[in-house]
Every structure is written in structure tokens, then in C-alpha cells.
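Asks: Need a 3D model of the sequence below.
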Amino acid sequence: MSVSTVNTTLPLYEAESLFKPVGKKELDQYDFMNLLITQLQYQDPMKPMDTYEMASQLSQFSNMQSTLRMADNMEKLLDYQTSQNNLQLLTLLDTQVEVVGNTMGVNDGAAGGGEFTLPEGADTCVLEIYDAGGHLVKMLDKGALSSGAYPLEWDGKDARGETVADGAYTYWVKAYSALGEQLTVDYRARGKVTGITFDKGAAQLKFDNYVGADVGSVVSVLR
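Replies: Predicted structure coming up:
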């Protein structure tokens, strides 16, 4: 008499369920209370829980509840503060701002303003302007300059004297000392705030329609 083979292989869904993790990684106040109640239920009647230990665990539970409530209130307070800050940022619309950076916008052929600062005197200084694609559109020889701040002076025209297309443009200053060492230049850009976006609580400004800037980069508001 033949004996049929018994299939001991579990169905796929059952095998997966055996190894599927259950429960949660973190305990909350309800888990803590359940553990305490269970501990009381299964304690040795001949050796009940010490009064001091009981009071200590209840105190820990109370402290945990207070901490959770405080954390929840702090989160609500931060959300409220963020919303208030975002509302205040709306007042920057249509105002002129100065930000840390060297990117400016061109609108209707008019270039935004800027300023660069030299930490020490430069024997040679060249101003280079690039479009959003990284192409050099204009180079201006500024000659020798002493230390200090200088305004960005660009008429919005390229090397051929033609007005550039509207968009974002970046300027770089190549300054060298008498010893041929390249100097570190500090940059500022100016423009009108034309938009404000909020992403996950973080605010991003847009000025001159094409240039984005973090709120933290604003150094002054020029009314």
C-alpha cells in the first residue's frame, strides 16, 4: 500500500506571518500602566511589592505623563510660533531686500543690484557675469581697488552690447593682491521680493522673479 507524501511546507502567507515582527518599538504611558498592573497581579502574595518601590514606579509614571504633556505643548507652541513668523514674512512682499549671495535677477533688461567687499587692497580686479547656464556674458576690468565695499555696476548688457534675456545671473569678482594671491570676496545681492514659499515650515524667498534665497540670508530690508 502506497503512502502519500505529507506536505509540511507552510503556505507562503503563513510562513511570512511567522516571521513578521509584531508590536511596536517604543512604549507609551498605557504600556507602562499595563506593565505595572500585570506586575501587581502576578506578584508573590508572600512577598508583596515594597511600598517604596511601588511609590517609586508610580512617581516615574507621573513624571513620564508630565514629560509627554510638556512635549506636546512645546510642539503646539512651536507650530504656532512658526505660523506667526510665516505671516510676518508676508510683509516682505514688494519690498527691496539685501541678501548674502552673488546671484541677481534681470527683469525687462534691468539688472538687480549688488555689492562686493574686498578685505584688502587688490592690484587687479575683474568682474565676471554668468547666466544661469554658466556661460560668461560680460567681463568688466575694475583695475586696482583698495579695501572696502563697492557697488555692482552692470547695465544688463552682454559683451556685444546687447541686452541680455531676463533671468538669474551670477557675478564673480576675481581680485588679486600685488603678490598674486587671490583675495576672498564678500558678496551681497539686492532685489524686490516677488514671492514667498513655505515647505515643511521652512520659508524661501524669491526676489526679482528669478532668484531664490533663504530667509536667514537676508541682512537688511530696504523699504
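
Asks: Identify the bridge partners of the closest residue to Val185 other than its chain neighbours.
Replies: In space, and not counting its chain neighbours, Val185 is closest to Val173: 4.6 Å by C-beta to C-beta, 6 or more residues apart in numbering. Backbone N, C-alpha and C define where each C-beta goes, glycine included. Beta-bridge pairing for Val173 (DSSP bridges): Leu127.

Asks: Does Val173 touch Phe116 like I think?
Replies: Yes - between Val173 and Phe116 a contact is recorded at 4.9 Å, counting by C-beta atoms under 8 Å.

Asks: any residues in contact with both of the two?
Replies: Common contacts of Val173 and Phe116 (C-beta atoms under 8 Å, 6 or more residues apart in numbering): Val185, Tyr187.

Asks: Glu120 should be in a strand, yeah?
Replies: No - Glu120: not assigned to a strand; according to DSSP: H, G, I helix; E, B strand; the rest coil it is coil.

Asks: how far away is it from Asp155?
Replies: Using C-beta to C-beta, to the nearest Å, Glu120 is found at 28 Å from Asp155.

Asks: domain assignment for the chain?
Replies: As given by automatic domain parsing, the domain ranges for the chain are 25-89, 94-222.

Asks: Mean pLDDT lowest where, among these?
Replies: With a mean of 61, domain 25-89 has the lowest mean pLDDT of the domains of the chain.

Asks: And the strands in the protein?
Replies: 96-100, 103-107, 110-111, 113-118, 124-130, 136-141, 148-151, 167-176, 186-199, 202-207, 211-214, 218-222 (DSSP state E).

Asks: deepest of the ones you listed, which one?
Replies: Ranked by mean neighbour count, the strands of the chain are led by strand 103-107 with a mean of 22 (mean count of other C-beta atoms under 10 Å).

Asks: what comes into contact with that one?
Replies: 111-114, 152, 156, 164-171, 189-191, 207-211.

Asks: returning to that earlier point: same list (the strands of the chain) but as CSV, adding distance to Met70.
Replies: Shown next, in CSV, are those (distance: least, C-beta to C-beta, whole Å):
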stretch, distance to Met70
strand 96-100, 37
strand 103-107, 43
strand 110-111, 52
strand 113-118, 46
strand 124-130, 51
strand 136-141, 56
strand 148-151, 48
strand 167-176, 45
strand 186-199, 27
strand 202-207, 25
strand 211-214, 31
strand 218-222, 33
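
Asks: So for Leu90, which of the ones you listed sits nearest?
Replies: When those are compared by C-beta to C-beta, strand 186-199 sits nearest Leu90, at 6.5 Å.

Asks: Partner strands of that closest one and their direction?
Replies: Here, using DSSP bridges, strand 186-199 pairs with strand 96-100 (antiparallel), strand 113-118 (antiparallel), strand 202-207 (antiparallel).

Asks: Okay, angle between that strand and strand 218-222 too, please.
Replies: 90 degrees (axes from the mean of the first three to the mean of the last three C-alpha atoms, to 10 degrees).

Asks: now the angle from strand 186-199 to strand 167-176?
Replies: Using the same axes, to 10 degrees, the inter-axis angle of strand 186-199 relative to strand 167-176 is 150 degrees.
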